[in-house]
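Asker: For reference, the sequence and a predicted model appear below.
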Amino acid sequence: MTFATIRNFLSLGVAAAALVIGAGSAQALDNAGSVQGVVKSAAGQPVAGAFVRLKNTNGRLTFMVVSKDGGAFNAGDLPPGQYTVQGVGGQMQSAISAPVSVAANQTAKIDVALSGQRGPQLPPAWPNRLPEEEHAKLSLDLPAGAAKALTQEKCSTCHQDNRIVVKRAPYDDWQFTINRMRTNMAVQGLPDITDAEAKQITDYLASNYKQVVPVDANSRLPRTLVEGKSRNYRVVTYDLPRRYSEPHDIASDPTGIAWAAERAGALIRFDPKTYAFTEVKIPAGPAAANRQRLGNPQINAQGILWTADGPNSRWLSYDTKAFNSANPQVPFKTYLWNNKGHGGAGGNSMALHPDGTVWGTGLGKEVRMLNPQTAEFKFYEPASAKDAHEPPGAYGLAVAGDGSVWWAQNDADRMARVDPKTGKVEEFKLPNVGGPAVPRRMNSDWNGDLWVGLWQSGGLMKVDHKTKQMTVYNPPSKNSGAYSVVADKKNQFIWVSMQKVDKIARFEPKTGEFVEFPLAYAQQDPRRIDIDPTNPNRIFFSGNTADRIGFIEVMP
């Protein structure tokens, strides 16, 4: 096992040892500086409710805050270094400033003037895809070209051509997409394509479905000035050191350290207090280095992390408490997957049951249960999956208050439930939302009820685990791409990531109030979110295609 601790993200001349912490340490960044100033209009008037983004020029960190009354802003907890600053408010934005120096334990001053018009707003959509409302207008017929037949043959085995014709991406992204397709083919036991065929397909797709214009970083920030509770937060974003790391999912351990799974084949450890970033390579397996796809991690109250490793035909556990950067040889535990007829070991999601069993979705139709004590797997499949020509889907899952396990049938707009004691599986149709709902990820709340992100309709759905009644709540942002959900059981809030609009929202069931918190960049691609158990005002997020992780923090 190899650990590669990334300590050069600031390149500030600060000794690396100053940022290295041992397991269990509560040390915070003790040499932090800050930037203060005023956001002004082009006429010199103060502007409250504007976004202020600060980018470390020598590193990977970005901070974003909102200006308060009088246009004043204060960005604190900044590691020493050089930062550029830009203000964005309403229809206007400032130029990106010259770098301002932030010294240890000092405050730098800079004002920004919103003197320039913003570019067009990026409509809600999956990153590098056309908006949903345009899909029906597109032809599914691939354009003429030397590789048309090859593309139809190789790229329509696992999905329809609609995934191709809605995508608009640069060459490198298409190249990576084809490589990821080859990984999925290997996991499913399909014959691989040759490198020459991969290049032909990439050339064909990149020439016919190229990116029209580069994405403006500000194009998902709201066009109105921020008001009310949405002003009181900050965003911290960390850019990963390598492109196409794909940090699809993130989870918090009991000490408030975030752990993300890179689909490229590593775990990430991120300390929100010191901003220290460490990569933990998984044990070598049969899959090649460029054929990895690590799954959705879950961490229990004892700090044990679980994740599915499909390409290497196993499930893994890892003791986060034992992490020590000075002595990194902490063993993973491996649970081999030899379950014929149930597809590969990978799946979309995992959930940890109070009885110690580990659950996951897979094969587009089933849930799997592992007993770690015996290393035995069991499988549960709904009746509809046995009868249907197309599988109903098996996406997010969670454990309800009565111990039952629920999962999302995302391709059938249903929820499924299994009683682990009896093995009985039931299915429940979702409420009518005026079109496809597409349930994705879910979690349980303080009452044991379930909350589900409805990705296509953009709603947040509650499932009463006792009555099975389902209720949908719609956030202010339309077509939000509601994806992942986590419950603040202490303060009784529900948090949801909004993938299509690059926001994280907080919902209070008692009042029905949504508060939306925009992220710092367009196409941040927020997927899994999790709550810091040591600070419930801190919500971690993973930005899959953006190769970023970070957190939002609600401030007093």
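Answerer: Happy to help now that I have it. Note that the structure is a prediction, hence the values are computed from the model and not measured. Numbering: from 1, shown residues only.

Asker: can you pull out the strands in the stretch 401-550 of the chain?
Answerer: Using DSSP state E, counting those that start in this stretch, the strands of the stretch 401-550 of the chain run over residues 405-409, 414-418, 425-429, 439-444, 450-454, 460-463, 470-473, 482-488, 493-498, 503-508, 513-518, 526-532, 535-543, 548-554.

Asker: To residue 349, which of the ones you listed lies closest?
Answerer: strand 439-444 (6.5 Å; C-beta to C-beta). Backbone N, C-alpha and C define where each C-beta goes, glycine included.

Asker: Pull the closest one out as CSV, backbone CA atoms only.
Answerer: Taking Å, rounded to 0.1, in the frame of the first residue of the first chain, the C-alpha atoms of strand 439-444 are listed here in CSV:
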residue,chain,number,x,y,z
PRO,A,439,-34.8,9.0,-7.3
ARG,A,440,-31.1,9.0,-6.6
ARG,A,441,-29.4,9.0,-3.1
MET,A,442,-31.1,9.0,0.3
ASN,A,443,-30.6,9.0,4.0
SER,A,444,-32.6,8.6,7.2
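
Asker: Centre of the chain to that strand, how far?
Answerer: From the chain centre to the centre of strand 439-444 is a distance of 13 Å (C-alpha atoms, centre = their mean, to the nearest Å).

Asker: Counting by contacts, list what that strand packs against.
Answerer: strand 397-399, strand 405-409, strand 450-454, strand 482-488 (3 or more C-beta pairs under 8 Å, 6 or more residues apart in numbering; DSSP states H and E).

Asker: before we move on, back to that, adding mean pLDDT, write the strands of the stretch 401-550 of the chain out as CSV.
Answerer: Shown next, in CSV, are the strands of the stretch 401-550 of the chain (pLDDT from 0 to 100):
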stretch, mean pLDDT
strand 405-409, 99
strand 414-418, 99
strand 425-429, 98
strand 439-444, 99
strand 450-454, 99
strand 460-463, 99
strand 470-473, 99
strand 482-488, 99
strand 493-498, 99
strand 503-508, 99
strand 513-518, 99
strand 526-532, 99
strand 535-543, 99
strand 548-554, 99
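
Asker: so can I have TSV of those strands showing mean neighbour count and distance to residue 135?
Answerer: Formatted as TSV, these follow (neighbours: other C-beta atoms under 10 Å; distance: least, C-beta to C-beta, whole Å):
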stretch	mean neighbour count	distance to residue 135
strand 405-409	28	22
strand 414-418	23	23
strand 425-429	15	24
strand 439-444	26	18
strand 450-454	28	18
strand 460-463	23	23
strand 470-473	16	23
strand 482-488	25	19
strand 493-498	26	19
strand 503-508	22	22
strand 513-518	20	25
strand 526-532	24	21
strand 535-543	23	24
strand 548-554	24	27
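
Asker: Tell me the spacing between the residue lying closest to residue 398 once chain neighbours are set aside and residue 467.
Answerer: In space, and not counting its chain neighbours, residue 398 is closest to residue 442: 4.6 Å by C-beta to C-beta, 6 or more residues apart in numbering. Distance, residue 442 to residue 467, using C-beta to C-beta, to the nearest Å: 17 Å.

Asker: Residue 332 now?
Answerer: For residue 332 relative to residue 467 (C-beta to C-beta), the value is 41 Å.

Asker: out of these two, which sits in the busier spot?
Answerer: The neighbour count for residue 332 versus residue 467, taken as other C-beta atoms under 10 Å, is higher for residue 332 (17 against 8).

Asker: So the more buried one versus residue 470, what's the distance?
Answerer: 39 Å.

Asker: Of all the helices and strands packed on strand 439-444, which one is nearest residue 313?
Answerer: Nearest of the helices and strands packed on strand 439-444 (C-beta to C-beta): strand 397-399, 21.0 Å.

Asker: The strands of the stretch 401-550 of the chain into JSON lines, with extra columns for distance to residue 367?
Answerer: Converted to JSON lines, the strands of the stretch 401-550 of the chain look like this (distance: least, C-beta to C-beta, whole Å):
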{"stretch": "strand 405-409", "distance to residue 367": "6"}
{"stretch": "strand 414-418", "distance to residue 367": "6"}
{"stretch": "strand 425-429", "distance to residue 367": "9"}
{"stretch": "strand 439-444", "distance to residue 367": "13"}
{"stretch": "strand 450-454", "distance to residue 367": "14"}
{"stretch": "strand 460-463", "distance to residue 367": "16"}
{"stretch": "strand 470-473", "distance to residue 367": "19"}
{"stretch": "strand 482-488", "distance to residue 367": "18"}
{"stretch": "strand 493-498", "distance to residue 367": "23"}
{"stretch": "strand 503-508", "distance to residue 367": "27"}
{"stretch": "strand 513-518", "distance to residue 367": "31"}
{"stretch": "strand 526-532", "distance to residue 367": "18"}
{"stretch": "strand 535-543", "distance to residue 367": "23"}
{"stretch": "strand 548-554", "distance to residue 367": "28"}
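
Asker: out of the ones you listed, which comes closest to residue 77?
Answerer: strand 548-554 (9.4 Å).

Asker: Each with direction, which strands does that closest one pair with?
Answerer: Strand pairing for strand 548-554, using DSSP bridges, gives strand 233-239 (antiparallel), strand 535-543 (antiparallel).

Asker: then the last one to CSV, C-alphas only?
Answerer: Output of strand 535-543 as CSV, limited to C-alpha atoms (Å, rounded to 0.1, in the frame of the first residue of the first chain):
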residue,chain,number,x,y,z
ASN,A,535,-19.6,20.7,13.5
PRO,A,536,-23.0,20.2,12.0
ASN,A,537,-22.8,23.6,10.3
ARG,A,538,-20.0,22.1,8.0
ILE,A,539,-21.2,20.1,5.0
PHE,A,540,-18.6,18.3,2.9
PHE,A,541,-19.1,17.9,-0.8
SER,A,542,-17.4,16.0,-3.6
GLY,A,543,-17.2,17.4,-7.1
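
Asker: what is the residue nearest to residue 398 paired to in the beta sheet?
Answerer: residue 452.

Asker: could you pull out the helices for the protein?
Answerer: 132-135, 148-155, 162-165, 171-187, 195-208, 383-387 (DSSP state H).

Asker: Which one of those lies nearest to residue 459?
Answerer: Using C-beta to C-beta and comparing these, the one that lies nearest residue 459 is helix 132-135, at 14.6 Å.

Asker: residues touching residue 189, list them.
Answerer: By C-beta atoms under 8 Å, 6 or more residues apart in numbering, no residues touch residue 189.

Asker: these two touch, right, residue 548 and residue 242?
Answerer: No - the criterion here is C-beta atoms under 8 Å, and residue 548 misses it with residue 242 at 12.0 Å.

Asker: before we move on, the earlier item: can you say which of the strands of the stretch 401-550 of the chain is nearest to residue 100?
Answerer: strand 548-554 (21.5 Å).

Asker: Other residues contacting that closest one?
Answerer: With C-beta under 8 Å, 6+ apart as the criterion, strand 548-554 contacts 62, 232-240, 247, 250, 258, 260, 268, 270, 272, 504, 506, 517, 519, 521, 524, 532, 535, 537-543.

Asker: so what's residue 28 scoring on pLDDT?
Answerer: pLDDT for residue 28: 66.

Asker: Spit out the contact partners of residue 556.
Answerer: Contacts of residue 556 (C-beta under 8 Å, 6+ apart): residue 232.

Asker: what about it, distance to residue 411?
Answerer: 43 Å.
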